[in-house]
Structures are given as structure tokens and as C-alpha cells.
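In: Quick one, fold the following:
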Amino acid sequence: MHQQDGGTKSRQVPIWEKSNLTLEEAAAYSGIGINKLREITNGDKCKFVLWVGNKRLIKRRLFDCFVEQAYSI
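Out: This next block holds a predicted model:
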């Protein structure tokens, strides 16, 4: 069997190990809906969004802190 990735096995990184998440990954990771994540990350003061052109990525560690603060009692 011939491998198409240069001879190395491709490995999928688990969401909790990624530095940056897509909106879909962040929604699956947090349980927050994609539309709500879009709403939250549209603000200029959002510290956990990384814009790459028109694509937004969620900085996982900062997002974790945001979620903990938002839902702490």
C-alpha cells in the first residue's frame, strides 16, 4: 500500500490538544452553538479570536478561560 503523505502516517490531532479551533470544532468542544460563537467573536474586544483573512479561529486556551469566567458562580 502506498502512502500519499510522503511516507509518514497522518495523525489527526484531538481538539483538546489543538492551539486554535475552527468555529465547528469550538462548538463541539464547548457545547456553544456556532451562531452564538459568531456573535461572541464579532466584537473588537474578543481576545480569543484569531482572524486569518475572513476565517476566524478560536484560541483554545483563552477560550477556556472565557468560558470558565462566563459560567463561574
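In: any low-confidence regions in this structure?
Out: Residue ranges of the chain with pLDDT under 70: 1-10, 73.
In: What are the boundaries of the helices in it?
Out: Under the criterion DSSP state H, helices of the chain are mapped to 23-30, 34-41, 60-70.
In: Those into TSV, with extra columns for mean neighbour count and distance to Q12?
Out: C-beta coordinates here come from the backbone N, C-alpha and C atoms, glycine included. As requested, the helices of the chain are exported to TSV (neighbours: other Cβ atoms under 10 Å; distance: least, Cβ to Cβ, whole Å):
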stretch	mean neighbour count	distance to Q12
helix 23-30	17	12
helix 34-41	14	21
helix 60-70	14	16
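In: Keeping just the C-alphas, turn stretch 61-73 into CSV.
Out: Output of stretch 61-73 as CSV, limited to C-alpha atoms (Å, rounded to 0.1, in the frame of the first residue of the first chain):
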residue,chain,number,x,y,z
ARG,A,61,-6.6,28.3,25.9
LEU,A,62,-8.0,31.8,26.0
PHE,A,63,-11.5,30.5,25.1
ASP,A,64,-11.3,28.0,28.0
CYS,A,65,-10.6,31.0,30.4
PHE,A,66,-13.5,32.9,28.8
VAL,A,67,-15.9,30.0,29.3
GLU,A,68,-14.8,29.4,32.9
GLN,A,69,-15.3,33.1,33.8
ALA,A,70,-18.6,33.3,32.0
TYR,A,71,-20.0,30.3,33.8
SER,A,72,-18.4,30.6,37.2
ILE,A,73,-20.8,31.1,40.0
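In: Leaving out the residues flanking it, which one is nearest to the residue nearest the centre of the chain?
Out: In the chain, the residue lying closest to the centroid (Cα atoms, centre = their mean) is L21, at 1.9 Å. Nearest residue to L21 in three dimensions, chain neighbours excluded: I58, at 4.5 Å (Cβ to Cβ, 6 or more residues apart in numbering).
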